[in-house]
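[1] whatever this is, show me its structure:
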Amino acid sequence: MDGVPADRQHECLSIVNPYRPELFVRSFAVDDEILVEYDLDYNPRNPDTFDNDASFFLRTDLFFPRYDAFESVSYPRHYMTVGGDGGMKISEFQDGAEFSNAASFALPERSKWSTWLTHFHRSHIGHVSYITIYLCYFCFR
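    Modelled structure (predicted):
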């Protein structure tokens, strides 16, 4: 993994569809946005950047205790977020509660090989306002 310094490789992971393990969650830029999509590992949209685009640094307790954030390897200081429409994208870090809420994920079960990715969207007073569950496996690279 060219884009990951040796001292940070233990923090790096990829998110894989558990029912179709050839599908990886990856980032890609379209116009002014960086979107999140599934892409095939054997025939990716952009083979030259696939490994980095499908890799994230797991940042535990970054914004809230017991919540995780996923920093893009391809786009440093950019994190996986959930937008107002519920869609996933990669957003540049912004100092503030709205960004922290959108970039915070709770992993109810921690396993090196697999887990559920659960996003608890937090309101400005810290209450859970909705829950979105994505079935994913985490593969630590």
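[2] helices of the protein, residue ranges please.
    50-53, 97-102 (DSSP state H).
[3] now those helices as TSV including mean pLDDT, mean neighbour count and distance to residue 60?
    (Each C-beta comes from the backbone N, C-alpha and C, glycine too.) TSV is the format used below for the helices of the chain (pLDDT from 0 to 100; neighbours: other CB atoms under 10 Å; distance: least, CB to CB, whole Å):
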stretch	mean pLDDT	mean neighbour count	distance to residue 60
helix 50-53	91	22	21
helix 97-102	90	18	14
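[4] of all those helices, which one is nearest residue 83?
    helix 97-102 (7.2 Å; CB to CB).
[5] the helices of the chain into TSV, with extra columns for distance to residue 62?
    TSV is the format used below for the helices of the chain (distance: least, CB to CB, whole Å):
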stretch	distance to residue 62
helix 50-53	20
helix 97-102	8
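[6] mind listing the strands for this protein?
    12-16, 23-30, 33-40, 56-60, 68-72, 78-82, 88-92, 115-122, 128-140 (DSSP state E).
[7] buried ones in the first one?
    Along strand 12-16, the positions that meet the burial threshold by neighbour count (16 or more other CB atoms under 10 Å) are 12-16.
[8] cool, the fourth one as well?
    By neighbour count, with 16+ other CB under 10 Å as the criterion, the buried positions of strand 56-60 are 56-58.
[9] residue 67 contacts residue 102, doesn't it?
    No - under the criterion of CB atoms under 8 Å, residue 67 makes no contact with residue 102, lying 11.5 Å away.
[10] nearest to residue 5, of the buried residues of strand 12-16?
    Nearest to residue 5 among the buried residues of strand 12-16, with distances taken as CB to CB, is residue 12, at 9.7 Å.
[11] work out the gap between stretch 13-31 and the centre of the chain.
    10 Å (CA atoms, centre = their mean, to the nearest Å).
[12] can you give me the end-to-end span of that stretch?
    The first and last residues of stretch 13-31 sit 26 Å apart, counting by CA to CA, to the nearest Å.
[13] local confidence estimate at residue 95?
    pLDDT for residue 95: 95.
[14] whoops, I mixed them up, residue 89
    90.
[15] right, I'll call it a day here.
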